[in-house]
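Q: Just a sequence and a predicted model for now, questions to come.
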Amino acid sequence: MTDKSPSNGRALSEEELQELVAASDSGARNPAGPVGIFLAVVAVVWSLFQVLLASPVSNVILPGDVINNSRQIHLAFAIFLAFCAYPALRTSPRSYIPVQDWIFAVTGAFIALYGYFFYQKVVNSGGLADDTDKWVALVGLILLFEAARRALGPAMAIIATIFLLYVFFGSSEIVPEVIRWKGASLKKAMSHMWITSEGVFGIALGVSTKFVFLFVLFGALLDKAGAGNYFIKMAFGALGHLRGGPAKAAVVGSAATGLISGSSIANVVTTGTFTIPLMKRVGFSSEQAGSVEVASSVNGQIMPPVMGAAAFLMVEYVGISYVEVITHAFLPAVISYIALVYIVHLEAVKRNMPTLGNRTTSLARTIGGMFVFFAGFAAMCYGVQYPVRWVASVVPEGAGWVLAALVFVAYVALLWLAAQVPDLEPDDPNAEQVELPEVGKIYKAGLYFLLPIVVLVYFLMIEQKSPGLSAFWATALLFAILLTQRPIKAMFRGQSETVNAFRAGVGDLIQGLIDGARNMIGIGLATATAGVIVGTVTLTGVGQVMADLVEFLSGGNLILMLVMVGLLSLVLGMGLPTTANYIVVSSLMAGVVVELGAQSGLIVPLIAVHLFVFYFGIMADVTPPVGLASFAAAAVSGGDAIRTGFIAFFYSLRTVALPFVFIFNTDLLLIDVGWAQGILVLVTATIAILVFTAGTMGYFVTKSRIYESIALVLIAFALFRPDYVMNKFQPAYETIAPAALEQAMGAADEGQELRIVVSGPDFDTGEIKETTLVLPAGPEEGGAARLQALGLTAIPEGDGMLLEEPFPGTPFFETLGSFDFYGDTPVSVASVQAAADQAPKELIFIPVLLLLAGLAFIQRARARTQQGVPA
């Protein structure tokens, strides 16, 4: 922070806040005159290039070599704009670009495009660098690290440099023996990092190029159209009149803006400038008001469909579809926000806070209204497929044009509704008399903003098109909205300012394109720089070494290992943006958690581990001493930044607890869960998170006693983990002798699963280790045939069962690849477990909910006594 640090207790002005956001997200330098126009043109060209690249006609319009090298072009724009938009030092000029920065910008862009300019040479060399290539690549890495330092802070560049040095000097005596490796030559390292697609131009930068840019641009355009202000107004209209209403509105408003914003800092400043003063007005302290805004803004990144770009990375890293990723991420995100609203409610009740405005509506009616709205919106997103299919069946050849015309008609009709009410202007939270907006009067003003979101959700969820193509169609609709919303509303209102309104719309569109590009600078550089770390893992094999190290440090204890992974995410996240932090930690640790979980007898789905890492990564924006979102909130509230961070961390405890829960109970991620069970999981998980919140806040119906808080936390645990409680009464599995594996496999019903523990020597160390496999019984006849279908060959030997090495391409080839099947000690089946006849785990809910009801009854009686009302 500069001299404008919030630690002095002074709230920053609007201009200073925008400078704060620019410095962290889009660059603090914004020169005027011809240079400023030139940079704006570059940003617009970058945005238009990315839109064209995602369009269905890209193969027709763009040359093939441009499409093949789109990652290089993407990085060239990011590096060029980084050196132009981000000053090197705090003392560097803001109003003009020094000569050296121009040189760095042009050189960096040229080297990023090296693979494009010399594409044939690179292809002919098979990706192996020659003497020229290696020096060009080294200069490129240095410039990339410097650009990342400017845009993202020093931590990213330092970590990437350490990994790169490890590539070169991994065999040095100063490197701990446990992670020592043979090292690589400059030529080999540069080939891997810059010339091939294993390093800088790897999966992460590819995701940034194909998907992330379009979603960031979509958010920037939607916000420029006025959707952000509309969402905040609607949230305040619905919740502002309740006790603690401004804080509740801040949570809901931040959840809505988090859908279109990938930056927690921008989210804090955008919604916080309005919500924080109003929270202070009803009794929240400066730090509490800032903390509520931080907790709700940061959690915006866990909300599907964008999730701060992580959703698209998970598609590539986990190997599942985008729809599956956001399905798994949905429930934890929703219940996390529900818990945050409850935290705010409890704070308001404990402090007996006043309400704003003169309207009174019951909480139940408000919640009911919000449920109806969201349910109606979800039904509309889902139901739109039926008229679409009808149109496609009636006019199969021209269905696209007919549907476009229908969308346009719907848009014009919604604009006509919007023209019946005044345009929404931002309110002054410091006004002497606060007039809360009435939802019934203002909802018409922005209903058309839902159209692009419906289009996006339809293509993603119903048509299941690629994220890039889905975002393209939604962005194309936003182009039309920005250009036409002003003139069409002017026509409906009978105003004669149509031409000026159209010009203003063109200005909004251009500014949205600029904002989208500048917001992407940091993300593009983060994914490129993280590629160096990923490249180091693939080149050196340090991932397996990390597994051994973590196993040693944790003593094989899965809980302790998860705590260590969470702490690593927090520490790295203190200097890295969420996306880069997620790439780094998941590359290093995701496979480790899965492997050590299997050794502990717990089968952890890979998506659960990736979400675990991601949740802890976003917590770094909250956690002192480097919680950037907390500093931004303190800048708005005038409170102490460190205290704001600690309170925000306390409010975010549910975000810390949830990852541990869904690692052990994957029902929360809706993995292999049907509709009926999914609804039950939603209801019980919601109750569980509310009870956990009440337990940690020390307030349920009334102020809790210590034993009551402990009881509430234990009740929450039982609701989250009914399987754990049921297993204490009835074991989930029965043990079978290893020699009976084939018979047990043959006797199992199709779809049933057996769990076997495989024991044998490690291929690298020779030490005996174990891992757990889950074997589904297939349609084949007989146990041997079912095992063969899974690629497993079992050989009875006495009372035991030996395993042969599975063939490549079979389900367990990679899992068992770390065992030495040709050593002196054979690989064998240590134990076999079959599912036992266990009562449904959901039965645990009955006594637990009865206990909760009894606790509520006791507290209600005590509360009535305290109020002087006979119990």
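A: Noted; the coordinates are in hand. This is a predicted model, so every value here is computed, not measured. Numbering: from 1, shown residues only.
Q: Would you check that residue 337 makes contact with residue 251?
A: Yes: Residue 337 lies in contact with residue 251 (CB atoms under 8 Å); the separation is 6.4 Å. No exception for glycine: its C-beta is placed from N, CA and C like everyone else's.
Q: confidence score at the closest residue to residue 558 other than its chain neighbours?
A: Using CB to CB, 6 or more residues apart in numbering and skipping the chain neighbours, the partner closest in space to residue 558 is residue 600 (4.5 Å). Each residue has a pLDDT score; the one for residue 600 is 73.
Q: Likewise for residue 21?
A: 56.
Q: Residue 51 against residue 475, yeah?
A: Yes: counting by CB under 8 Å, residue 475 is a contact partner of residue 51 at 6.2 Å.
Q: Point out where the stretch 251-400 of the chain drops to low pLDDT.
A: Within the stretch 251-400 of the chain, the stretches with pLDDT under 70 are 257-267, 270, 305-306, 308-309, 356-371.
Q: The residue nearest in space to the middle of the chain and residue 618, how far apart?
A: Central residue of the chain (CA atoms, centre = their mean): residue 307, 3.2 Å from the mean position. For residue 307, the distance to residue 618 equals 9 Å [CB to CB, to the nearest Å].
Q: Name the residues contacting each of these two.
A: residue 301 (CB atoms under 8 Å, 6 or more residues apart in numbering).
Q: May I have stretch 209-217 as PDB, with CA atoms only?
A: The C-alpha coordinates for stretch 209-217 follow below in PDB (Å, rounded to 0.1, in the frame of the first residue of the first chain):
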ATOM      1  CA  THR A 209      -7.100 -18.000 -24.300                       C
ATOM      2  CA  LYS A 210     -10.100 -20.200 -25.200                       C
ATOM      3  CA  PHE A 211     -12.500 -19.600 -22.300                       C
ATOM      4  CA  VAL A 212     -11.500 -17.200 -19.600                       C
ATOM      5  CA  PHE A 213     -11.200 -14.100 -21.700                       C
ATOM      6  CA  LEU A 214     -14.700 -14.400 -23.100                       C
ATOM      7  CA  PHE A 215     -16.200 -14.700 -19.600                       C
ATOM      8  CA  VAL A 216     -14.200 -11.800 -18.200                       C
ATOM      9  CA  LEU A 217     -15.300  -9.700 -21.200                       C
END
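Q: start the count at 84, not 1, going forward
A: Renumbered: residue one is now 84, and that last one reads stretch 292-300.
Q: Buried residues of that stretch, list them for me.
A: For stretch 292-300, a neighbour-count test (16 or more other CB atoms under 10 Å) marks 292, 293, 294, 295, 296, 297, 298, 299, 300 as buried.
Q: And residue 782, its phi and psi?
A: phi -150, psi 130 (degrees, to the nearest 10).
Q: Quick one: residues contacting it.
A: Taking CB under 8 Å, 6+ apart as the test, what residue 782 contacts is 429, 432, 433.
Q: so who does the second one touch?
A: If I follow you right, that is residue 432. Applying CB under 8 Å, 6+ apart to residue 432 gives the contacts 326, 327, 782.
Q: go again using 7 Å as the cut-off
A: By CB atoms under 7 Å, 6 or more residues apart in numbering, the contact set of residue 432 is residue 326.
Q: same deal with residue 565?
A: Contacts for residue 565 (CB under 7 Å, 6+ apart) come out as 304, 307, 308, 588, 591, 592, 595.
Q: Check the residues you listed and tell me the two furthest apart.
A: Pairwise distances across those peak at 11.6 Å for 304 and 588 (criterion: CB to CB).
Q: Tell me which of these two has more neighbours.
A: Comparing residue 304 with residue 588 by other CB atoms under 10 Å, the one with more neighbours is residue 304, at 27 against 20.
Q: which residue ranges form the strands in the stretch 184-333 of the chain?
A: With DSSP state E, counting those that start in this stretch as the definition, the stretch 184-333 of the chain shows no strands.
Q: got any ranges where it has weak pLDDT?
A: 209-210.
Q: Please enumerate the helices of it.
A: Applying DSSP state H, counting those that start in this stretch to the stretch 184-333 of the chain gives helices spanning 197-200, 202-207, 214-235, 237-252, 269-273, 286-290, 296-308, 310-322, 328-341.
Q: Centre of the chain to the second one, how far?
A: With CA atoms, centre = their mean, to the nearest Å as the basis, helix 202-207 stands 37 Å off its chain's centre.
Q: What lies in contact with that helix?
A: Identification of contacts with helix 202-207 by CB under 7 Å, 6+ apart yields 148, 152, 198, 278.
Q: what's the answer for the shortest one, then?
A: Applying CB under 7 Å, 6+ apart, the set of residues contacting helix 197-200 from outside is 148, 152, 155, 156, 205, 219, 278.
Q: Drop anything exposed from those residues.
A: For the contacts of helix 197-200, buried by 16+ other CB under 10 Å: 152, 155, 156, 205, 219, 278.
Q: Distance of the fifth one relative to residue 613?
A: Remark: distance between residue 219 and residue 613 (CB to CB) = 21 Å.
Q: Also the third one?
A: Using CB to CB, one obtains 19 Å as the distance from residue 156 to residue 613.
Q: now swap in the fourth one and tell me
A: With distances taken as CB to CB, residue 205 is found 22 Å from residue 613.
Q: Would you confirm that residue 914 belongs to a strand?
A: Yes: the assignment for residue 914 (DSSP: H, G, I helix; E, B strand; the rest coil) places it in a strand.
Q: buried set for the helix or strand where residue 432 lies?
A: Under the criterion of DSSP states H and E, residue 432 resides in helix 405-434. Using 16+ other CB under 10 Å as the burial criterion, the residues of helix 405-434 that qualify are 405-431.
Q: With distance to residue 501 added, can I get the contacts of residue 782 in TSV?
A: Formatted as TSV, the contacts of residue 782 follow (distance: CB to CB, whole Å):
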residue	distance to residue 501
429	37
432	37
433	41
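Q: ok, those residues vs residue 740, which is closest?
A: Using CB to CB, the shortest approach to residue 740 within these belongs to residue 429, at 16.7 Å.
Q: tell me the contacts of the closest one?
A: If a contact means CB under 7 Å, 6+ apart, then residue 429 has 777, 780, 782 as its contacts.
Q: do that again at 10 Å, thanks
A: Contact analysis of residue 429 by CB atoms under 10 Å, 6 or more residues apart in numbering lists 327, 773, 776, 777, 779, 780, 781, 782, 783.
Q: Mark which of those are buried, thanks.
A: The neighbour count (16+ other CB under 10 Å) marks 327, 773, 776, 777, 779, 780, 782, 783 as buried among the contacts of residue 429.
Q: distance of residue 795 from residue 316?
A: To residue 316, residue 795 is 36 Å away according to CB to CB.
Q: Residue 838: what secondary structure?
A: On the three-state scheme (three-state DSSP), residue 838 is labelled strand.
Q: I'd say it and residue 917 touch.
A: Yes: when contacts are counted by CB atoms under 10 Å, residue 838 is listed as touching residue 917 (7.9 Å).
Q: any residues in contact with both of these two?
A: Taking CB under 10 Å, 6+ apart as the contact criterion, the common neighbours of residue 838 and residue 917 are 816, 818.
Q: that older thread, scan the contacts of residue 565 and report the most crowded one.
A: That'd be residue 304 among the contacts of residue 565, by other CB under 10 Å, with 27 neighbours.
Q: wait, what's in contact with it?
A: The neighbourhood of residue 304, defined by CB under 10 Å, 6+ apart, consists of 130, 310, 343, 535, 557-558, 560-562, 564-565, 591-592, 594-596, 598-599.
Q: coming back round to it: can you tell me which of the helices of the stretch 184-333 of the chain is packed in deepest?
A: Ranked by mean neighbour count under mean count of other CB atoms under 10 Å, these are led by helix 328-341, which reaches a mean of 28.
Q: elements contacting that one?
A: With contacts taken as 3 or more CB pairs under 10 Å, 6 or more residues apart in numbering; DSSP states H and E, helix 328-341 sits against helix 296-308, helix 310-322, helix 347-364, helix 369-381, helix 405-434, helix 446-466.
Q: Lovely, talk soon.
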